[in-house]
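Asker: What follows is a predicted structure for the sequence shown.
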Amino acid sequence: MPKVKPGIYSLRTSFGLRKWISDQTLALSLGLTNTLYATLYLLPFLRLLGARIGRWSEVSTVGHIDPDMLILGDESFVADIAVVGTAVFYHGSVALMPVEVGCRSFVGNGALVPGGFRMGDNSLLGVHSVPSQQIEKDTSWLGSPAIFLPRRQESQQFNEDEIYRPRPSLLAWRFFYEYLRITLPGTIMGITLLAGFALTVYMARSLSPLALLLLLPLAMTGIGIASTLLVALLKWLIVGKYRQRVEPLWSVFVRRSELITGLYESIAVPALLGMLTGTPWIAPVMRLFGIKIGKRVWMATTFITEFDLVEIGDDAAIIHVPPDAPL
């Protein structure tokens with residue numbers, strides 16, 4: 001779709017059809033290339049789509065955006081599942097308005113910045129927050145509707161080259177780990193699919209139809225278990241045990257952790273864990289990653305990071321609430 005200008009458009013036109021196709025394509029890219037998001041390799045992609053993104057800014061798994069309407073200042077951050085400048089649909093029309101996030105500003109996880117809004121420099125919109133007015137510079141807001149926070153919790157101080165403008169060595173390490181984060185899941189899943197196909201062909205030639213029907217599900221489950229065990233092993237080799245700590249954005253530890261998160265979400269979850277949710281079998285597998293899970297726990301989510309810092313007591317129930325119940 002060509003560059004779009006702000007305005008109100010009818011959905012019962014060729015523009016409405018092109019807008020729908022564009023939105024579905026972006027949603028598909030988020031699903032198929034999930035590990036590309038929250039990396040430095042995402043920014044050129046978004047800029048090609050029309051987004052104006054400043055130097056050293058970052059965009060995570062943002063959804064429901066119109067790239068032409070997104071203006072992101074230098075050294076800013078848009079966190080997971082944030083919605084920034086989404087279109088408004090009403091009575092057969094769609095309204096598109098630009099949204100601007102100033103320099104060194106932060107849009108929290110799941111926050112919504114409506115079209116036509118501007119966040120001033122060095123401002124913050126907290127997790128799952130929706131502003132009811134323009135956000136002035138050097139201010140912090142939280143809630144839905146968001147309320148002004150006169151003070152925020154003081155965080156540990158780090159050097160500029162660890163949080164905003166990385167030195168060359170940290171930049172190189174990040175490119176390296178994020179390259180692995182993007183390519184390894186597809187590589188491992190591709191090898192897994194080939195192994196599954198080869199095993200299926202071998203069993204089809206060697207077994208009777210009844211034996212094949214009985215044993216093939218077990219074989220596929222075994223491949224899923226092997227893939228999950230590989231990810232668990234890589235977690236312990238690359239990250240080790242998570243301990244409570246504060247790390248700057250550009251630290252090598254954060255990159256290693258993000259690599260494991262990408263492998264977990266792209267391999268372990270679809271290969272095995274996603275099928276075990278709501279069953280007694282999910283707890284033993286989760287414990288392999290370092291999660292402390294009590295007895296008789298019912299879990300319908302796999303959305304867990306920093307595994308060793310999560311402890312779930314006896315008889316707890318964690319339900320699935322879209323987009324998920326994160327721990």
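Answerer: Looks like it arrived, so ask away. Since we're looking at a predicted model, the values are computed, not measured.

Asker: For Trp141, grab phi and psi.
Answerer: Main-chain dihedrals, Trp141, degrees, to the nearest 10: phi -140, psi 150.

Asker: any idea how far it lies from Pro166?
Answerer: To Pro166, Trp141 is 28 Å away according to Cβ to Cβ, to the nearest Å. Glycine gets a C-beta too; all of them are placed from N, C-alpha and C.

Asker: With Glu247 instead?
Answerer: In this view, Glu247 and Pro166 are 13 Å apart by Cβ to Cβ.

Asker: And the two? Which one has more around it.
Answerer: With neighbours defined as other Cβ atoms under 10 Å, Glu247 and Pro166 compare such that Pro166 has more, 19 against 13.

Asker: any idea which element that one lies in?
Answerer: Counting by DSSP states H and E, no helix or strand carries Pro166.

Asker: wait, what's in contact with it?
Answerer: By Cβ atoms under 8 Å, 6 or more residues apart in numbering, Pro166 lies in contact with Trp56, Arg174, Trp250.

Asker: Give me the subset of the residues you listed that lies in strands.
Answerer: Among these, no member is found in strands (DSSP state E).

Asker: how about CSV for those, with distance to Ile238 and pLDDT added?
Answerer: CSV is the format used below for the contacts of Pro166 (distance: Cβ to Cβ, whole Å; pLDDT from 0 to 100):
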residue, distance to Ile238, pLDDT
Trp56, 26, 93
Arg174, 15, 95
Trp250, 18, 92
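
Asker: Quick check: Arg181 touching Gly262?
Answerer: Yes. Look at Arg181 against Gly262 with Cβ atoms under 8 Å: they come within range, at 4.2 Å.

Asker: Can you work out which residues contact both of these two?
Answerer: Thr35.

Asker: Mind checking which of the contacts of Pro166 are in helices?
Answerer: Taking DSSP state H, the ones among the contacts of Pro166 that sit in helices are Arg174.

Asker: Are any of the contacts of Pro166 buried, and if so which?
Answerer: Trp56, Arg174, Trp250 (16 or more other Cβ atoms under 10 Å).

Asker: Could you pull up the residues touching the second one?
Answerer: The reference is to Arg174. Leu40, Pro166, Trp250, Arg255.

Asker: For these, give me CSV that also has distance to Ile318.
Answerer: Formatted as CSV, the contacts of Arg174 follow (distance: Cβ to Cβ, whole Å):
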residue, distance to Ile318
Leu40, 33
Pro166, 36
Trp250, 32
Arg255, 28
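
Asker: What is the nearest of those to Ser266?
Answerer: Ranked by distance to Ser266 (Cβ to Cβ), the contacts of Arg174 are led by Arg255 at 16.3 Å.

Asker: what's downstream of the helix or strand in which the closest one is found, the next helix or strand?
Answerer: In the assignment (DSSP H and E), Arg255 maps to helix 252-263. Downstream of helix 252-263, the first helix or strand assigned by DSSP H and E is helix 274-276.

Asker: how near is Ala219 to Pro209?
Answerer: Distance of Ala219 to Pro209, given as Cβ to Cβ: 15 Å.

Asker: Same check on Trp298?
Answerer: Distance, Trp298 to Pro209, by Cβ to Cβ: 37 Å.

Asker: Look at those two and report which has more neighbours.
Answerer: Using other Cβ under 10 Å, the more surrounded residue of Trp298 and Pro209 is Trp298, with 15 against 8.

Asker: Now for Ser155: which residues touch it?
Answerer: Residues near Ser155 by Cβ under 8 Å, 6+ apart: Val246.

Asker: Give me the below-cutoff pLDDT ranges for the stretch 201-327 of the chain.
Answerer: 321-327 (pLDDT under 70).
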